[in-house]
Every structure is written in C-alpha cells, then in structure tokens.
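Chemist: Starting from these lines, generate the structure:
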Amino acid sequence: MTRQYLEAPPSSRATESLEGEPASAPIEISDVLEAGSLYALNLTGHGFVLLSESSARSLSAALIWAAQQPVQRLTVFADAVGVTDAPSATAARPEDLARWAQYFLVADQPIEVRLIEGTGSTGIQPGPVPPASVPPERDSVLEQHLIDEGLEVVHEHGVTRGELLGLEVARLVVWPQESGGDNALHLEVGVGRFDRDAHAAVRPDESPIDDLAKTVSILRDHRFPGAPTHAVQRLSRERWLRALLLDQPSLVGAHSLTALGMTTEPSGLRDAFPAAAIGSTEDGTPLVVVCSCGVDLALLPLAADLREQVNSEAVLLLAVPEQDHHVATKWLASMLRQPAELIAIAVGWG
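Modeler: Next comes the predicted model:
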C-alpha cells in the first residue's frame, strides 16, 4: 500500500496485488481507513498500514487499529519522506520503527515493517538500540546550590538539571571556548532553554545563585499537590510523577529508584514525553519504571526500547495517574512480547 497505490485509478487497483496478497476483488479507496497519521486496510485478516508520520506514536496507533479489527498479520509501511537522523517520539528512522515494532506481536505474529520506494517497498531490518548516554560532567559546588534550594538533582542525557517536582528550573551548562566561554560548567536558571536565555538577557549582573532562589520561590507558589490550575503546575507532569516515585519507590513495589533518561529525548518542554527510572525490589529483582500522563501513544514503544537498552530481563512497570489508566495503554501493554505491568498512582496534584 503506497501513496501511488491510493492515488491510482480504481481500474488499475483492481488488478494489482498488495505485497503478495492477490487482489481477488477490486479494492476501492473507500475500503482504506484514514485515521490521523495512518491509512489502514484489512485484507482478509492481513492488516496493511501506511504511516504518514514515522514515529512511535504512529506505530502504536497502527497496533491499536490492528487490535480493534482484529487482524492475524500486520504489515506497516513507512515513507522515506521526513526521515530524521535522531529518533524521537514524533519522528524516527525506518530502522528505529522496525526495532520498536519487534517488541510487539499481533495475534502472536511478528510485525513486518517495510520502506516505500517508488511504487514498491523493501523490508527493513531493525536498527541497534541506542547506547546509553555519557554521564555529565559534574561540579559538586554547583550541584550543592541546587540541593540547598530543595531541588531534585537529575543526571540525564549527559546533562545535570535541578528540578522542582520534575520541572526543570536550572541546569549546569558548559560555556564553550569557541563561543567566548571558558569551557567550564556554569549554573543557568530558567524553565527550559528560552527562559534561561531570557534570564541571562534580563538579569545579566545578577548572581545565578540569587536568581535561582527567586525563581524557585516564584515557582513553588504554583507547583505543589493540589495547587490551583496554572501553566507551571501542568508542565512536565510525567517527570513530576517520577519525582514522586523517586521519593516513594514503594508505590511501585521498589526498594530504591534512580532517574534515567529514555533512549530518545523530548523535542520540547511542553511535549508529553515519558520519564524513567531504574531500580530493584527488596529481593533484588531489576526494575525499569516508565512514567506517563494522559494517553501518550509513544509510551509503550519507548518504554520497551529502554528496557532493551538497560536490561532486557528487567520487569517493566508503567506508572500512570489513576485517571489515565486507559484501555489503549492496556491493549498496547498486552501486545508486548515481554509483559509489562500497568500501575495506577494516586497523584493528588489537582
């Protein structure tokens, strides 16, 4: 199933075959379901899905469609258009899509992923799991300033952040010499990159330590359990949930937990994106815990990918707020080759 196929005249579609499936009857364009980022066709139990966006979320949408049909086999087509160098929740290379797909089964059958090339397609081999990120450069003095303000110190994707209930308030940044810096770590204050730049522009003569104290004081007025609705209170809730579990690991049956970055990074502060931690139970069973809020279709492919990177034998726990214990997430979890447990958490953040 390709765009060319969908756009071809009905007379030509009637005699074509679809990746080895004989077209015993004419296939009308009305037979193809268009839903968001995918086009789907159930051809006598074999599901064909064309993704207009190659992403973890689109793959999950295809899996949910397959479960609803149901189909006995699933073939997913990815378009070469929009191929990116680095996978994320919203964009992925075909080999990343194939790797994520291999973590799932449809009717106990593996999922085939193919790349569209002209009017045909070729099978895609799964790419390797990305290596773990390099630990960040550390500075105990600067980190102590974060601790003194009551922030969580998180080391993730090669960066040290200071977070207030999961919301980034500051980070340690190397100022490169080629840009006029000193190649040393500096404390930068702000909620995300643009806010850090704004702080530097508006308060160039203020000590970052004083700036940090003022900023944390302002944010604390809006970010606490049960706080009235406010933009600050709604940002980075996946990371807020993780902060809760790091403080109370017993909520997911863990003895201890440590924050860990996913195999991909979020594209922006406002984007829904899972937050993870690793740890173990009292008896030493390894755990990978991935937190999510709302109904984020990227959750299952990215969570399975992280388990594969960290420890393929670890127990995978998916932590979500009680109100987000959604049937779509349950379906996707049930389709994993290796099981995952969905845990509802009482968050109390209003």
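Chemist: Quick check: which ranges of this protein have low pLDDT?
Modeler: 1-30, 80-90, 350 (pLDDT under 70).
Chemist: Gly123 is in contact with Val113, isn't it?
Modeler: Yes. Using C-beta atoms under 8 Å, Gly123 is in contact with Val113, at 7.5 Å. Where you see a C-beta, it was placed from the backbone N, CA and C, and this is true even at glycine.
Chemist: More neighbours: which of these two?
Modeler: Val113 (29 against 11; other C-beta atoms under 10 Å).
Chemist: and the gap between the more buried one and Asp305?
Modeler: 14 Å (C-beta to C-beta, to the nearest Å).
Chemist: now Asp324
Modeler: 21 Å.
Chemist: same question, Asp283
Modeler: With C-beta to C-beta as the criterion, Asp283 and Asp305 are 26 Å apart.
Chemist: Export stretch 61-79 to PDB, keeping only CA atoms.
Modeler: Output of stretch 61-79 as PDB, limited to C-alpha atoms (Å, rounded to 0.1, in the frame of the first residue of the first chain):
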ATOM      1  CA  ALA A  61      -1.900   3.800  16.500                       C
ATOM      2  CA  ALA A  62      -1.300   1.100  14.000                       C
ATOM      3  CA  LEU A  63      -1.200  -1.600  16.700                       C
ATOM      4  CA  ILE A  64      -4.400  -0.300  18.300                       C
ATOM      5  CA  TRP A  65      -6.100  -0.400  14.900                       C
ATOM      6  CA  ALA A  66      -4.900  -4.000  14.400                       C
ATOM      7  CA  ALA A  67      -6.300  -5.000  17.800                       C
ATOM      8  CA  GLN A  68      -9.700  -3.400  17.000                       C
ATOM      9  CA  GLN A  69     -10.100  -5.300  13.700                       C
ATOM     10  CA  PRO A  70      -8.800  -7.800  14.700                       C
ATOM     11  CA  VAL A  71      -6.200  -8.900  12.100                       C
ATOM     12  CA  GLN A  72      -4.000 -12.000  12.100                       C
ATOM     13  CA  ARG A  73      -1.000 -10.300  10.500                       C
ATOM     14  CA  LEU A  74       0.200  -6.800  10.300                       C
ATOM     15  CA  THR A  75       2.500  -5.100   7.800                       C
ATOM     16  CA  VAL A  76       3.500  -1.500   8.400                       C
ATOM     17  CA  PHE A  77       4.700   0.800   5.600                       C
ATOM     18  CA  ALA A  78       7.000   3.700   6.400                       C
ATOM     19  CA  ASP A  79       7.600   6.600   4.000                       C
END
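Chemist: quick one: buried residues of it?
Modeler: Of the residues in stretch 61-79, 61-67, 71, 73-79 count as buried by neighbour count, 16 or more other C-beta atoms under 10 Å.
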